[in-house]
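Participant: predicted model, plus sequence, below.
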Amino acid sequence: MNLSLVLHAHQPPGNFDSVFEHGMKTCYGPVLDLIEERRVLRLSMHWSGPLLEWMEIHTPERIDQIRRLVEGGQVELVAAGMYEPVLSLLPRRDRVGQLRAHRAYLARRFGVDATVGWLTERVWEPSLVSDLVEGGIAAVTLDDRHFMSAGLAESDLGAPYLTEHQGAPMLVAPGGNDMRAAIPWASVDEALNVIKRRAEAGTSILVYGDDTEKFGMWPGTYRSVIRSGWLAQFFDGLLALPDDIDVVPLGEAVERSQVAGRVYIPDGSYPEMLEWTLTAAAQRSLSQIRGALSEVGLLDTVNPHMRSGLYFQFLAKYPEVNLLHKRMLDVSRRCERLLRGTRSWDPDDLPEAVRELWRAQANCAYWHGMFGGIYLPHIRQRLWYHLLRAEDALERERGPERMLRRFDLDADGEDEVVVTTPDLVVVVDPSDGAVVELSHRPSSTNLGDTLALREESYHDPEDPPYPYDRGRRGIFVDRFLASGRPPARSTLVEDRGEFSGLPYAVKSRKRGDTVEVQLEREAAATEGTAAIRKTIEVRSDAAEITATYRVTSMDGTVEGRFAVELNLAMLFRERARGSVRIANRDFALPRGGATKGAESLSLSMDDIDVSAEISVSPPADVDVRAIETVSRSEAGFERTPQQIAVLLSWPVTLERGDEFSPTVTLSLSSEAAR
């Protein structure tokens, strides 16, 4: 039997240096050392582009160590998309280009022609085959569950299969779930016995493909895997296996093995990923079904054939991620001609716009489960950083983008308004009646990169951690509150209107150097019916955006508080510290504060290069607070500050036909702009 270990090592762009350093100290470095100490141990390794680029700068000695292991025949390097994208999310040109770029990087750095592929998050669809082949990949490993979803039995998974798309053939090797369940969680002897049992059953190829981070970075594993000697003993055990088991890299294993036949594998990923795409209610229901099957002893029989979910459903579940994805596609379309006639796919030789675009395609911010980065603002913001830098580089190549574009940017069937100036990119989404992107181009920061409070399956449905939002946490969100004292930092904001997160009618026009976007909605307010007309103005010569309101009582008496909320993504650094000044009073951020009757306020953070100033007419009562989410990771439950919410409110009593007309201006500045 040919046994292949494929170790996958990755850190996303924008992860904190402290995380990279911790990984190098507790995981990546020790694993490399243990391999190098055993000169006859041979395996496959995938190192993602973002991790390799960090290592080049911070730990070049580890790059040299990998090169020694490659030259000594101990390590076969495995290729994927250069910046670790989920290939299914990309246009074909970017799928193929990213594969070629990673292979070109590995060739330059390590002198190898990598033809074995790693599939990011094991997200598969049949059409990927022709793109993988065009990108230079001849074989990949997939989970055994992928093969079972095509109707194969577990007993059929002892050899590689051939698949194809549009006449382009490729080998696919089944990975063993029993191996992933044992390594490194079982004892060394139990893990080795799994291998021996598979050999005795007549398996010709057995593949273990999983995250290197399980060997030292996952909670508790540095102690249980590295310090305890588990991995060292396991490696020694591999070298002492019976002679009929050869431990070889995956490329060599598939060459040695007889192909079992042809297979066409449905779309999928590992089971947990697909379940994470489901709604909270659907995940709980699936858990109950599994429990019922377990009680009657059928779970093990049925489980391999159960599947729910589709990776793309993350784009429906999290509209914030869908916007990032569709903005990425928009920039990709505009970059397309830059790839024509490409002679060198080495990342260093690519146009800057393409390189930055591909960095913005890194997978981690596009999904959430036990892992994934949707709930990590520094991971999301870094992709926006690269996307905005790609747009800047693109404009240097092609000239400035049109100031006003109105089209269905987010593919929801309704047009959005996109305003581009030298200083700003503003996206107004009438489906939410708010600004959902406010990118400050000099600092490459999207202050609209916020996250709504929404239900997750691990929240207690009887005692949720917070009231869930109806819509996006945008900028210029309209709310109606009860009469009385204005909200303060410790009190709940209860929206009694039917405006936030609901659709508005939209008109837009360009007048000279100014774009005007008019949003209108008539709906229930406190104690009556109101109509809101707000005109959002963006000038080409200023990094500011103004919303002018006309709030009219249409029926009954509208009595209470009218409020405008601006959610600003300013909390994405490792130690977010800053201050807000409201009417000459200073408050620390992210703690926040409240003041009555303010005409202006300013917000700044110690470690981001963009500050915000808000001016209000007439003077408003102001509440500034951090909005935190509760999410789950491999380390347990985490409270994460996502954005700063600035709530401006005014007491109003409007009889039928009465109007209230406040104006709010948000101005941005930075050292980069100056």
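Facilitator: Received it, and whenever you're ready, just let me know what you need.
Participant: with just CA atoms, put the host helix or strand of residue 477 into PDB.
Facilitator: Assigned by DSSP states H and E, residue 477 falls within strand 475-481. Coordinates of each C-alpha in strand 475-481 appear next as PDB, following Å, rounded to 0.1, in the frame of the first residue of the first chain:
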ATOM      1  CA  ILE A 475     -24.300  54.200   7.200                       C
ATOM      2  CA  PHE A 476     -27.400  56.500   7.300                       C
ATOM      3  CA  VAL A 477     -29.700  53.900   8.700                       C
ATOM      4  CA  ASP A 478     -33.100  55.400   9.600                       C
ATOM      5  CA  ARG A 479     -34.800  54.500  12.800                       C
ATOM      6  CA  PHE A 480     -37.800  55.700  14.900                       C
ATOM      7  CA  LEU A 481     -37.400  55.300  18.700                       C
END
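Participant: show the subsequent helix or strand relative to it.
Facilitator: strand 505-511.
Participant: direction included, what does that next one pair up with?
Facilitator: strand 514-525 (antiparallel) (DSSP bridges).
Participant: angle of the partner strand against strand 475-481?
Facilitator: 20 degrees (axes from the mean of the first three to the mean of the last three C-alpha atoms, to 10 degrees).
Participant: for strand 514-525, the distance to its chain's centre please.
Facilitator: For strand 514-525, the separation from the chain centroid amounts to 31 Å (computed by C-alpha atoms, centre = their mean, to the nearest Å).
Participant: and for stretch 200-207?
Facilitator: On the basis of C-alpha atoms, centre = their mean, stretch 200-207 sits 36 Å off its chain's mean C-alpha point.
Participant: any idea which residue sits dead centre in this structure?
Facilitator: residue 365 (0.9 Å; C-alpha atoms, centre = their mean).
Participant: quick one: it is in a helix?
Facilitator: Yes - under DSSP: H, G, I helix; E, B strand; the rest coil, residue 365 falls within a helix.
Participant: buried residues in stretch 459-471?
Facilitator: 459, 465, 469, 471 (16 or more other C-beta atoms under 10 Å). The C-beta positions use only the backbone N, C-alpha and C, and glycine is treated the same way.
Participant: hmm, who's touching it?
Facilitator: 280, 284, 432, 434, 452-455, 477, 492, 495, 500-502, 630 (C-beta atoms under 8 Å, 6 or more residues apart in numbering).
Participant: CA atoms only: put it into CSV for me.
Facilitator: C-alpha atoms of stretch 459-471 as CSV (Å, rounded to 0.1, in the frame of the first residue of the first chain):
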residue,chain,number,x,y,z
HIS,A,459,-26.8,30.8,20.0
ASP,A,460,-29.3,29.7,22.6
PRO,A,461,-32.7,30.3,20.9
GLU,A,462,-34.3,30.7,24.3
ASP,A,463,-31.8,33.3,25.4
PRO,A,464,-30.1,35.0,22.4
PRO,A,465,-27.0,37.1,23.1
TYR,A,466,-28.6,40.2,21.6
PRO,A,467,-31.6,41.3,19.5
TYR,A,468,-31.0,40.3,15.9
ASP,A,469,-30.8,43.0,13.2
ARG,A,470,-33.5,43.2,10.5
GLY,A,471,-31.0,44.5,7.9
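Participant: quick one: average confidence on that stretch?
Facilitator: Stretch 459-471 comes out with an average pLDDT of 95.
Participant: stretch 104-122 now?
Facilitator: Across stretch 104-122, the average pLDDT comes to 97.
Participant: quick one: terminal-to-terminal distance for it?
Facilitator: Distance across stretch 104-122, first residue to last, is 22 Å (C-alpha to C-alpha, to the nearest Å).
Participant: pull out the buried positions in stretch 571-585.
Facilitator: Residues 571, 572, 573, 576, 578, 580, 581, 582 are the ones in stretch 571-585 that count as buried (16+ other C-beta under 10 Å).
Participant: pipe those residues into JSON lines and attach secondary structure per row.
Facilitator: Below are those laid out as JSON lines (three-state DSSP):
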{"residue": "571", "secondary structure": "coil"}
{"residue": "572", "secondary structure": "coil"}
{"residue": "573", "secondary structure": "coil"}
{"residue": "576", "secondary structure": "coil"}
{"residue": "578", "secondary structure": "strand"}
{"residue": "580", "secondary structure": "strand"}
{"residue": "581", "secondary structure": "strand"}
{"residue": "582", "secondary structure": "strand"}
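Participant: confidence-wise, which helix or strand of this protein is lowest on average?
Facilitator: helix 299-302 (a mean of 89; mean pLDDT, DSSP states H and E).
Participant: only alpha carbons, please: show it as CSV.
Facilitator: C-alpha atoms of helix 299-302 as CSV (Å, rounded to 0.1, in the frame of the first residue of the first chain):
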residue,chain,number,x,y,z
LEU,A,299,-26.4,7.0,12.1
ASP,A,300,-23.2,5.3,10.9
THR,A,301,-25.1,3.6,8.0
VAL,A,302,-26.9,6.7,6.9
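Participant: helices or strands next to the following helix or strand past it in the packing?
Facilitator: Counting by DSSP H and E, the next helix or strand C-terminal to helix 299-302 is helix 313-317. Here helix 313-317 touches helix 319-335, going by 3 or more C-beta pairs under 8 Å, 6 or more residues apart in numbering; DSSP states H and E.
Participant: ok, residues contacting the helix it packs on?
Facilitator: For helix 319-335, contacts defined as C-beta under 8 Å, 6+ apart pick out 89-91, 93-94, 314-316, 351, 353-354, 357, 360-361, 365-367, 374, 380, 383-384, 387, 390-391, 394, 398, 409-411, 427, 429, 436-437, 449-452, 472.
Participant: what of stretch 29-43?
Facilitator: If you take C-beta under 8 Å, 6+ apart as the criterion, stretch 29-43 is touched by 4-7, 59, 62, 65-66, 68-69, 72-76, 212, 215-216, 226, 231-232, 235-236, 238-239, 247-249.
Participant: in PyMOL, select just the buried ones from those residues.
Facilitator: In PyMOL, a selection of the buried entries from the contacts of stretch 29-43 looks like this (16+ other C-beta under 10 Å):
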select buried, resi 4+5+6+7+59+62+65+66+69+74+75+76+212+215+216+226+231+232+235+238+247+248+249
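Participant: the contacts of stretch 29-43 in strands, which ones?
Facilitator: Taking DSSP state E as the definition of strands, the contacts of stretch 29-43 contribute 4, 5, 6, 7, 75, 76, 247.
Participant: quick one, what contacts the last one?
Facilitator: Same thing as residue 247. 3, 4, 5, 41, 42, 43, 238, 239, 241.
Participant: report pLDDT for it.
Facilitator: pLDDT at residue 247 comes out at 97.
Participant: can you check the fourth one too?
Facilitator: At residue 7 the predicted local confidence, pLDDT, stands at 98.
Participant: okay, now the unreliable bits of the stretch 351-500 of the chain?
Facilitator: For the stretch 351-500 of the chain, no stretch is flagged by pLDDT under 70.
Participant: where along it do the helices fall?
Facilitator: Taking DSSP state H, counting those that start in this stretch, the helices of the stretch 351-500 of the chain run over residues 352-359, 377-398.
Participant: and the first one, how far out from the chain's middle?
Facilitator: In terms of C-alpha atoms, centre = their mean, the centre of helix 352-359 is set 17 Å apart from its chain centre.
Participant: mind listing what's buried in it?
Facilitator: For helix 352-359, using 16+ other C-beta under 10 Å, the buried residues are 353, 354, 355, 356, 357, 358, 359.
Participant: swap in stretch 114-129?
Facilitator: By neighbour count with 16+ other C-beta under 10 Å, stretch 114-129 contains the buried residues 114, 116-125, 128-129.
Participant: quick check: residue 616 is in a strand.
Facilitator: Yes - Residue 616 sits within a strand when classified using three-state DSSP.
Participant: surely residue 213 is in contact with residue 27?
Facilitator: Yes - at 5.9 Å, residue 213 and residue 27 qualify as touching, with contact defined as C-beta atoms under 8 Å.
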